[in-house]
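Visitor: need coordinates for the following:
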Amino acid sequence: MFWLLFSLFLVACVGAGLTGGLFPPGPWYRKLQKPWFTPPDWVFPVTWSVLYVCIAVAGARIAMAENNAVAMAFWTLQIAFNGLWTPVFFGIRNIRLGMAVVCMLWVIVLGGIIVMWPVDQIAALLFVPYLIWVTIAASLNAGVWWLNPEVARNPPHVAT
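Guide: Presented below is the predicted three-dimensional model:
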């Protein structure tokens, strides 16, 4: 049963991750000034691949646990906001709205850790690296906003 659930949660994670392929950074992002601590491009898919496995394992563990309703709600919310950030930031190029989404994601992931803890401590611990990475992502988003205030105020029009 665990492997079936893990597979389903991994499919949800891959779905969220596919937004990166649908809305790649492109020339618009390349032209922006970025914070000095921006990782090289190859770090993002490697990190997200590991995190998505952890997130899927956590989801499968929580799904199998008793009294899991609130924890499952947080798992569902986090994957929705996870999949939303890329289309907002890279798709419609809205740095400020991207910041709001990543901040909500951070709160949801932290909340997920808190509500998962009494249900399954391993699942909660599997979300800790995710929270660390979302903290980095939020810092990067804030740094891009800080370094590119005019672009943040006036997102460039996206050709349809």
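Visitor: from Pro24, how far off is Pro45?
Guide: Relative to Pro24, Pro45 is positioned 11 Å away (C-beta to C-beta, to the nearest Å). Any C-beta I mention is one placed from the backbone N, CA and C, and that applies to glycine too.
Visitor: typo on my end, it should be Met116
Guide: Taking C-beta to C-beta, one finds Met116 at 32 Å from Pro24.
Visitor: need the next SSE after the helix or strand of the chain with the lowest mean pLDDT, C-terminal direction.
Guide: When each helix and strand of the chain is scored by mean pLDDT, DSSP states H and E, helix 19-22 comes last, with a mean of 86. Downstream of helix 19-22, the first helix or strand assigned by DSSP states H and E is helix 26-31.
Visitor: so the spatially most central residue of the chain, which of the three states?
Guide: What sits nearest the mean C-alpha location of the chain, by C-alpha atoms, centre = their mean, is Asn82, with 3.5 Å. Following DSSP: H, G, I helix; E, B strand; the rest coil, we place Asn82 in the helix state.
Visitor: elements contacting the least confident helix or strand of the chain?
Guide: helix 43-64, helix 69-86 (3 or more C-beta pairs under 8 Å, 6 or more residues apart in numbering; DSSP states H and E).
Visitor: what's the closest of the ones you listed to Gln121?
Guide: Nearest to Gln121, of all the helices and strands packed on helix 19-22, is helix 43-64, at 9.7 Å by C-beta to C-beta.
Visitor: could you export stretch 89-106 as PDB, CA atoms only?
Guide: Only the C-alpha atoms of stretch 89-106 are listed here, as PDB (Å, rounded to 0.1, in the frame of the first residue of the first chain):
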ATOM      1  CA  PHE A  89       7.000  34.400 -11.100                       C
ATOM      2  CA  PHE A  90       8.200  33.100 -14.500                       C
ATOM      3  CA  GLY A  91       4.800  32.800 -16.400                       C
ATOM      4  CA  ILE A  92       3.300  36.200 -15.700                       C
ATOM      5  CA  ARG A  93       6.600  37.600 -14.500                       C
ATOM      6  CA  ASN A  94       5.100  39.100 -11.300                       C
ATOM      7  CA  ILE A  95       7.800  39.300  -8.700                       C
ATOM      8  CA  ARG A  96       5.700  40.800  -6.000                       C
ATOM      9  CA  LEU A  97       2.900  38.200  -6.400                       C
ATOM     10  CA  GLY A  98       5.500  35.500  -6.500                       C
ATOM     11  CA  MET A  99       6.800  36.800  -3.200                       C
ATOM     12  CA  ALA A 100       3.300  36.500  -1.700                       C
ATOM     13  CA  VAL A 101       2.900  32.900  -3.100                       C
ATOM     14  CA  VAL A 102       6.300  31.800  -1.700                       C
ATOM     15  CA  CYS A 103       5.600  33.400   1.700                       C
ATOM     16  CA  MET A 104       2.300  31.500   1.800                       C
ATOM     17  CA  LEU A 105       4.100  28.300   0.800                       C
ATOM     18  CA  TRP A 106       6.600  28.900   3.600                       C
END
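Visitor: thank you kindly, that will do.
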